[in-house]
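Trainee: here's a sequence, model it:
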Amino acid sequence: MQFRFIHAADIHLGHEQYGLVKRSDDFARAYLEMIGYAVDQRVDFVLIAGDLFHHARADAWTLKQAIAGLSVLRDAGIPVLAVEGNHDAQHVYKNLSWMEFLCDQELLILLNMHKASNGFKSLVRFDEDTRRGSWINVAGARIYGLKYYGAGTARIIDEIGGDVEREPGGYTIMMLHAGMEGQVPHMHGGLTFGQLEPLHAHVDYLALGHIHKRLIEGWVFNPGSTETNSMDEMDWAHGFFDVSVDTSSDPQQQVTAVEIETRRPFRRIAVTADGTETMEEFVAAVESRIEQQREIPAGAVIELALGGISGFRRQEIPLERLKAAVERRFDPLAVRVRNTLAPPGLVAPSGRERFSRADLERRVVGQLVNQMAEFRPQSEVWTRLILDVKNMAVEHDLPASIADHVRETLRTMSDAATTSDAGDEVHDAEVDALAATTSLGL
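Mentor: As a prediction, this is how the structure comes out:
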């Protein structure tokens, strides 16, 4: 049996990054480039493993972009199978999500587990009349899908893993909007291969989304996002997978990474304050670095990264003057300044080490946690949890997923406590943490 499909994820239509409409156009352009490729190559189907939209409440123009692309695929006779990502899902579910709307319009097939009124979860065949279901057979493949469940994903896989069945003589795909542990630094709630074991016996291709970095690891695949969503992703490849399957071969699939040719260029100009004595000396060093910087393509997004240990207040830096210097030297779409200068004593430098923003956050939060005696014995866990909640909120994770992650972390801490007093402290902390989460509107 032979067939071919596209595996894409994290398209983020409607993402006006940095408040720029042109960046929203870039995300739409990447989406349409993927669709054009699928039609030109006459693939059998397309997978979208979550986050077609950047906002669950996408505006009419963004919905029009989504429909335009999906209509091209429908007219070409190429079915689209999709799951909801954390950006697609409504934080407060009222009636119908845009992904469900697109499914009802027969522009895509949206897959997710079935949850009965008694709370029982199961995988059911997709019903063409109700337009709801967990799996469907297409072009010789059986395709399952689960929407984003955050920290609860591993538990759900454990509950329903036994329901996954391989089509005799066929090929099985499972779509999840979830990341793998260790895929990127400082990521929370990643799945382990052990947690995926209930699926492995029956799944040939695990199609992931959510993390914007490419991953090919055995039977686990994530194409990454189709466009750059942050400066941290600047050096990552962005695109989608073109997958050819021949069930008589070993391996059964050949996966080709396809790059988005129209992707917006991102560049960074990094300057450290180490070795400079005054603010004026540092500004002169920054301006000199800008002038010496090699050519940057017109229309790029440029980050001016100011780091290191300074003997002056970071607020004194004339940021607008430095941005103007970048704009004069190049022709950028936007200039972003990341000012992570730290005063002496806030962090302990090692030689001329420069800290990334994530490392600096971790060090500062860790110092604050260690100042409180009740949290000191498990300061690393508390630090990680605080940063996890912050990052999840920035990524627009569902409130229930954030709460699940807090509960699971605190349960693990409670299990590790060696005295009943420590257990009581963790229980009290759980109440405080969940209350804080609610008060933040998460």
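Trainee: for stretch 219-232, list the C-alpha coordinates in PDB.
Mentor: Extracted C-alpha coordinates of stretch 219-232, given in PDB (Å, rounded to 0.1, in the frame of the first residue of the first chain):
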ATOM      1  CA  TRP A 219       8.200   6.900  15.200                       C
ATOM      2  CA  VAL A 220       7.700  10.500  16.600                       C
ATOM      3  CA  PHE A 221       7.600  13.400  14.200                       C
ATOM      4  CA  ASN A 222       7.100  17.200  14.700                       C
ATOM      5  CA  PRO A 223       7.600  19.500  11.700                       C
ATOM      6  CA  GLY A 224       7.900  22.700  13.800                       C
ATOM      7  CA  SER A 225       6.000  25.900  12.900                       C
ATOM      8  CA  THR A 226       5.600  27.300   9.400                       C
ATOM      9  CA  GLU A 227       6.800  30.700  10.400                       C
ATOM     10  CA  THR A 228       9.100  32.200  13.100                       C
ATOM     11  CA  ASN A 229       7.000  33.000  16.300                       C
ATOM     12  CA  SER A 230       9.800  34.500  18.400                       C
ATOM     13  CA  MET A 231      13.400  35.500  18.300                       C
ATOM     14  CA  ASP A 232      14.200  32.300  20.200                       C
END
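Trainee: what mean pLDDT does it get?
Mentor: Summarised as a single mean, pLDDT over stretch 219-232 is 95.
Trainee: now the strands for the stretch 1-150 of the chain?
Mentor: Remark: strands assigned in the stretch 1-150 of the chain by DSSP state E, counting those that start in this stretch are 2-8, 45-48, 80-82, 109-110, 114-115, 121-122, 135-138, 141-146.
Trainee: give me the helices and strands touching the fourth one, please.
Mentor: The helices and strands touching strand 109-110, judged by 3 or more C-beta pairs under 8 Å, 6 or more residues apart in numbering; DSSP states H and E, are strand 80-82, helix 98-104. Quick note: C-beta positions are derived from backbone N, CA and C, even for glycine.
Trainee: list the helices and strands the longest one packs on?
Mentor: The one in question is helix 98-104. Applying 3+ C-beta pairs under 8 Å, 6+ apart, one finds that helix 98-104 contacts helix 60-75, strand 109-110.
Trainee: how far does that helix sit from its chain's centre?
Mentor: Computed by C-alpha atoms, centre = their mean, to the nearest Å, the chain-centroid distance of helix 98-104 equals 22 Å.
Trainee: could you shift the numbering so residue one becomes 47, and keep it that way?
Mentor: Noted, 47 is the first residue going forward, which turns the last one into helix 144-150.
Trainee: what residues sit buried inside it?
Mentor: Across helix 144-150, burial judged by 16 or more other C-beta atoms under 10 Å covers 144-146, 148-149.
Trainee: could you give the mean pLDDT of it?
Mentor: Per-residue pLDDT over helix 144-150 has a mean of 96.
Trainee: low-confidence ranges in the stretch 347-488 of the chain?
Mentor: 391-406, 437-447, 450-451, 454, 458, 461-488 (pLDDT under 70).
Trainee: now do the strands in it.
Mentor: All strands of the stretch 347-488 of the chain, identified by DSSP E, counting those that start in this stretch, fall at 347-353, 380-385.
Trainee: so which of those comes closest to residue 268?
Mentor: strand 347-353 (23.7 Å; C-beta to C-beta).
Trainee: what is the closest one packed up against?
Mentor: Strand 347-353 packs on strand 312-318, helix 325-338, helix 365-375, strand 380-385, going by 3+ C-beta pairs under 8 Å, 6+ apart.
Trainee: now the ones you listed in TSV, with distance to residue 272?
Mentor: Below are the helices and strands packed on strand 347-353 laid out as TSV (distance: least, C-beta to C-beta, whole Å):
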stretch	distance to residue 272
strand 312-318	14
helix 325-338	31
helix 365-375	27
strand 380-385	20
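Trainee: do you know which of those lies nearest residue 240?
Mentor: Nearest to residue 240 among the helices and strands packed on strand 347-353 is strand 312-318; the distance by C-beta to C-beta comes to 35.5 Å.
Trainee: okay, the angle between the closest one and helix 325-338?
Mentor: Relative orientation of strand 312-318 and helix 325-338, computed by axes from the mean of the first three to the mean of the last three C-alpha atoms, to 10 degrees: 140 degrees.
Trainee: chain center to strand 312-318: distance?
Mentor: 23 Å.
Trainee: packing partners of that strand?
Mentor: helix 325-338, strand 347-353.
Trainee: need these in CSV (columns: distance to residue 196 and mean neighbour count).
Mentor: Listed next are the helices and strands packed on strand 312-318 as CSV, based on distance: least, C-beta to C-beta, whole Å; neighbours: other C-beta atoms under 10 Å:
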stretch, distance to residue 196, mean neighbour count
helix 325-338, 40, 15
strand 347-353, 29, 22
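Trainee: closest one to residue 112 among these?
Mentor: Across these, closest to residue 112 is strand 347-353 (C-beta to C-beta), at 23.9 Å.
Trainee: what separates the closest one from the chain centre, distance-wise?
Mentor: 22 Å.
Trainee: residue 159 is in contact with residue 178, correct?
Mentor: No - look at residue 178 against residue 159 with C-beta atoms under 8 Å: they stay out of range, at 10.6 Å.
Trainee: before we move on, back to that, compare the helices and strands packed on strand 312-318 and report which one is nearest to residue 367.
Mentor: The nearest among these, by C-beta to C-beta, is helix 325-338 at 7.5 Å.
Trainee: re the thing from before, mind giving me a markdown table with the strands of the stretch 347-488 of the chain and columns for distance to residue 412?
Mentor: Below are the strands of the stretch 347-488 of the chain laid out as a markdown table (distance: least, C-beta to C-beta, whole Å):
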| stretch | distance to residue 412 |
| --- | --- |
| strand 347-353 | 18 |
| strand 380-385 | 21 |
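Trainee: cheers, nothing more for now.
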